[in-house]
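**Q** Need coordinates for the below:
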Amino acid sequence: MSVVEQMRQVFRDVLQIGERAQSLDPATPLLGNLPELDSMAVATLVASMEDSFEIIIDDDDISAETFETFGSLCSFVESKLAA
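**A** The predicted structure follows:
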């Protein structure tokens, strides 16, 4: 499964957005666009990403730029996997 597909699954599970997760594409804005993505959901999403991809996400890694779009978040995960 690709990073994009795994991320859609994480969003589906964590934010409980159902089939709306399929419409997430690289240009989809996240913060301010998905009402389900509040500060608590970000923390849960980060924990789920760590579990799903077996990566460590430091507090310093979390920024508005990282969560700007679905594509920027997927790119972030890909960079963590490559490290």
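
**Q** need the longest helix for this structure.
**A** As assigned by DSSP state H, the longest helix anywhere in the chain is helix 39-53.

**Q** any idea which helix or strand comes after it?
**A** helix 70-82 (DSSP states H and E).

**Q** list the helices and strands that next one packs on?
**A** helix 3-15, helix 39-53 (3 or more Cβ pairs under 8 Å, 6 or more residues apart in numbering; DSSP states H and E). All C-beta spots, glycine's among them, are computed from the backbone N, C-alpha and C.

**Q** Can you give me the pLDDT of Tyr39?
**A** I think there's a mix-up here, since residue 39 is Ser and not Tyr. pLDDT, Ser39: 89.

**Q** Could you number the chain from 340 rather than 1 from now on?
**A** Renumbered: residue one is now 340, and that last one reads Ser378.

**Q** any idea how far Leu384 is from it?
**A** Separation of Ser378 from Leu384 (Cβ to Cβ, to the nearest Å) stands at 11 Å.
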